[in-house]
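Enquirer: Show me the folded form of this:
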Amino acid sequence: MSVQPASSPEKVTVRTLWKKKRAGQPITMITAYDYPSARAADRAGIDVILVGDSLGMVVLGYETTIPVTMDEMLHHARAVARGAHRALLVGDMPFLSYHTTPAEAVRNAGRFLQEAGMDAVKLEGGRERLDVIRAILDAGIPVLGHLGLQPQRVHQLGGFRAQARTAAAAQRLIEDALALQAAGVFAIVLESVPVEVARAVTRILDIPTIGIGAGPDCDGQVLVYHDVLGLNDGHVPRFVRQYANLNRIIHEALTRYRAEVEARTFPAEEHTLHMKPEEAAALDAWLRAHGFFRMRR
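Expert: Residues are numbered from 1 along each chain as shown. Below is the predicted model:
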């Protein structure tokens, strides 16, 4: 099946997402961490690029997202901003960047816009984060909420576990979602929650929901770039659909490269630069005059 890229070159904003929700048009989001992936996502017409703190696990090799620092997030966010110009760019606020005081949270959120070219920030949490969210919004910084599985609470949760699986827990999540909406977030990510819960939240809220492991009824979907393209060789979550297996292709390419270098079949003549004959002759004469040996294959 041939899929055409998005035809509109206009910059995606939070208002674009609201219009899509009202029109029943699905929102697309990808989590990406560098210049080439941002360029690819932008060319494909993805609406939102999230520079997620999951980069700690995906590209930095950490066990969780908790060790990721503001400096690491800003480094990757700047690369993404250089690669994408149409998509709405969201920087993920890392652990402890918004957990101390609202003033500290505002400073860190502002760095994503001022230093890294992001359009908005994302942070985890419900009603316990309202003071922080309001402070960031008062500074003129759009905020994307995040409910359900919150990876920065992985130790408190006892692992990466689905959330809101009981009626009581679902009710608390819905109340959190309503509180976030009232505070002014422009959308909410719902991660690893039952489809019934995500469907209810999506129907209740006026702002968009973006699902990851939350079923098909959210207003949009987000996956990690490396998962979509099959670039990871570890566990693949149940909610991921791999649209390619680039890890296998990369392995085959690198193995072939190693073999050709070892067999001296690369570089071949078509990859080789030569001097002009007269320059080569002059160099040869100089080498002979100084007693050097010419290099031979």
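
Enquirer: Identify all contacting residues around the helix or strand hosting residue 80.
Expert: Using DSSP states H and E, residue 80 sits within helix 70-83. Helix 70-83 has contacts (C-beta atoms under 8 Å, 6 or more residues apart in numbering) with 32-39, 42, 49, 51, 53, 55-56, 59-60, 89, 91-94, 97, 108, 111-112, 115-118. To be clear about C-beta, it is placed using only N, CA and C from the backbone, and glycine gets the same treatment.

Enquirer: Packing partners of the host helix or strand of residue 252?
Expert: Secondary structure assignment for residue 252, by DSSP H and E: helix 246-262. In terms of contacts (3 or more C-beta pairs under 8 Å, 6 or more residues apart in numbering; DSSP states H and E), helix 246-262 is not packed against any helix or strand.

Enquirer: Skip ahead from the lowest-mean-pLDDT helix or strand in the chain and say which helix or strand is next.
Expert: The weakest-scoring helix or strand in the chain, judged by mean pLDDT, DSSP states H and E, is helix 154-157 (a mean of 78). Heading C-terminal from helix 154-157, the first helix or strand you meet, by DSSP H and E, is helix 167-183.

Enquirer: how about the strands in the stretch 1-150 of the chain?
Expert: 27-31, 48-51, 88-92, 120-122, 143-148 (DSSP state E, counting those that start in this stretch).

Enquirer: Contacts only, for residue 124.
Expert: Here residue 124 is in contact with 146, 147, 150, 151, 152, 153 (C-beta under 8 Å, 6+ apart).

Enquirer: now do 7 Å
Expert: 146, 150, 152 (C-beta atoms under 7 Å, 6 or more residues apart in numbering).

Enquirer: you'd agree residue 210 is in a helix?
Expert: No - counting by DSSP: H, G, I helix; E, B strand; the rest coil, residue 210 is not part of a helix but strand.

Enquirer: how many other residues sit next to it?
Expert: 27 (other C-beta atoms under 10 Å).
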